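# 3D model of this:
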Amino acid sequence: MLVLSATWHTPYLRTLIDQERFEFLLGRTIIFLRKLSPISPTCKLDCSILEKIRRVLFGTPPAEKPVYSEAN
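Presented below is the predicted three-dimensional model:
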């Protein structure tokens with residue numbers, strides 16, 4: 001996700017990435033890491049980093065909808 005974020009941040013390389021797909025994947029990864037954060041400090045830190053990257057690239061997202069069927 002960090003490589004995709006860096007690519008998206010570069011004007012010349014941004015055309016290689018579909019924005020809708022990238023935002024979806026970033027959100028899904030954040031949700032996954034958020035679920036693991038209570039048992040893993042590393043996942044908690046990674047989740048925090050990706051959330052900050054998402055805010056910088058796309059602004060503050062609306063209320064997040066669960067991506068996985070068991071996510072509430």
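# now the helices for this structure?
Along the chain, the stretches classed as helices by DSSP state H are 2-9, 19-36, 41-58.
# least reliable of those by average pLDDT, please.
Lowest mean pLDDT within the helices of the chain: helix 2-9, at a mean of 87.
# what's the angle between it and helix 41-58?
Using axes from the mean of the first three to the mean of the last three CA atoms, to 10 degrees, one finds that helix 2-9 and helix 41-58 are set 10 degrees apart in direction.
# please name the nearest non-neighbouring residue to the residue most central in space within the chain.
Central residue of the chain (CA atoms, centre = their mean): Leu26, 2.7 Å from the mean position. Spatial nearest neighbour of Leu26, excluding adjacent residues (CB to CB, 6 or more residues apart in numbering): Arg54 at 5.6 Å. C-betas here are computed from N, CA, C, even on glycine.
# same deal with His9?
Leu57 (6.6 Å).
# the residue nearest to Leu26 against Arg28, yeah?
No: Arg54 lies out of contact with Arg28 (CB atoms under 8 Å); the separation is 11.6 Å.
# between these two, tell me which one has more neighbours.
Neighbour tally, Arg54 and Arg28, criterion other CB atoms under 10 Å: the higher count belongs to Arg54, 19 against 15.
# from Ile30, how far out is the more buried one?
Computed as CB to CB, to the nearest Å, the Arg54 to Ile30 distance reads 7 Å.
# again, but for Ser40
Ser40 is 14 Å from Ile30, by CB to CB.
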